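Student: sequence plus predicted model, see below.
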Amino acid sequence: MSRFITFEGIDGAGKSSHIDALSQWLREHGQRVVSTREPGGTPLAEKLRELFLHDEMDALTETLLVFAARRDHLRACIEPALAAGATVLCDRFTDATFAYQGGGRGFDWSVLGSMEHWVHEGRQPDLTLWFDVDPVIAAQRRAAARVPDRLERLDVAFFERVRAGYARRCAEHPERFARIDAAGDVGAVWQQVRQQVNRRGWW
Ligand code: TMP
């Protein structure tokens, strides 16, 4: 049966390697997996991603761009994959908009809710794994790993607000959110991911 699983957390939380690991684990268990990301996942949405990551813009423009990309992604990738019985693993989704544009940028939470309603047409993830980590630890990991993009250059105070945005979404949607303590090493975090998936008994 198809499932829609999203992966969330501040930049540097370390979710990417676990998306790959879960994808491999699901394939070994006979699942068809589509791994995708936001912003992005379709040719049009990948073009919007480039603009989003590298051009300066205000919070409203950021929000409109990510929802435009998401609309195309849902219509052309996520919904067809779910309809065909695949499990979709998505690196970030609408909770990132609430956390980054809502929490981080201070954009109106209820306007985000209206846009979500419009764009999703009822679709929500079946499970959202929130990789939660102290923004100071995340900043150290990013500095060691890569050249920062426009958002990754923002300060720890911004990422504290983003983290608070995720915590608010987690409290608002406990039925689908699972908090993963992402401060530990890769093995310890993977155990938590496996536990969260296993306890749902889906596969
Ligand atoms: P990433 O794919 O490398 O994680 O980069 C995407 C960046 O975009 C990341 O800093 C989070 C940010 N972002 C938003 O600000 N709002 C959104 O809705 C999404 C999906 C991502």
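Tutor: Here it is on my side, so go on.

Student: the longest helix in the protein is where?
Tutor: helix 156-172 (DSSP state H).

Student: can I assume residue 151 sits in a helix?
Tutor: No - using DSSP: H, G, I helix; E, B strand; the rest coil, the assignment for residue 151 is coil, not a helix.

Student: mind listing what it touches?
Tutor: 11, 53, 100 (C-beta atoms under 8 Å, 6 or more residues apart in numbering). C-beta here means a position set from N, CA and C on the backbone, and glycine is covered the same way.

Student: packing partners of the helix or strand where residue 17 lies?
Tutor: Using DSSP states H and E, residue 17 falls within helix 16-28. If you count contacts as 3 or more C-beta pairs under 8 Å, 6 or more residues apart in numbering; DSSP states H and E, helix 16-28 packs onto strand 4-8, strand 33-37, strand 87-91, helix 186-199.

Student: if we look at the ligand, which of the contacts of residue 151 are close to it?
Tutor: 11, 100 (C-beta under 6 Å from any ligand atom).

Student: neighbour-wise, give me the winner out of the contacts of residue 151.
Tutor: Among those, the one with the most neighbours (other C-beta atoms under 10 Å) is residue 100, at 26 neighbours.

Student: what angle separates the lowest-mean-pLDDT helix or strand in the chain from helix 156-172?
Tutor: Here the helix or strand of the chain ranked lowest by mean pLDDT, DSSP states H and E is helix 135-145, holding a mean of 93. Taking axes from the mean of the first three to the mean of the last three C-alpha atoms, to 10 degrees, one finds helix 135-145 and helix 156-172 inclined to each other by 120 degrees.

Student: quick check, distance from helix 135-145 to the centre of its chain.
Tutor: Taking C-alpha atoms, centre = their mean, to the nearest Å, the mean C-alpha location of helix 135-145 is offset from the chain mean by 18 Å.

Student: and stretch 151-165, by the same measure?
Tutor: 15 Å.

Student: does that stretch come close to the ligand?
Tutor: Yes - interface with the ligand: stretch 151-165 contributes residue 151 (C-beta under 6 Å from any ligand atom).

Student: what are the buried residues along that stretch?
Tutor: Buried residues in stretch 151-165, counted by 16 or more other C-beta atoms under 10 Å: 151, 152, 154, 158, 159, 160, 161, 162, 163, 165.

Student: contacts only, for residue 59.
Tutor: By C-beta under 8 Å, 6+ apart, residue 59 lies in contact with 101, 105, 106, 107.

Student: if you set the cut-off to 7 Å instead, what comes out?
Tutor: With contact set as C-beta atoms under 7 Å, 6 or more residues apart in numbering, residue 59 has these partners: 101, 105, 107.

Student: the closest residue to it other than its chain neighbours: neighbour count?
Tutor: Excluding the flanking residues, the one nearest residue 59 by C-beta to C-beta, 6 or more residues apart in numbering is residue 105, at 3.8 Å. When neighbours are defined as other C-beta under 10 Å, residue 105 has 20 of them.
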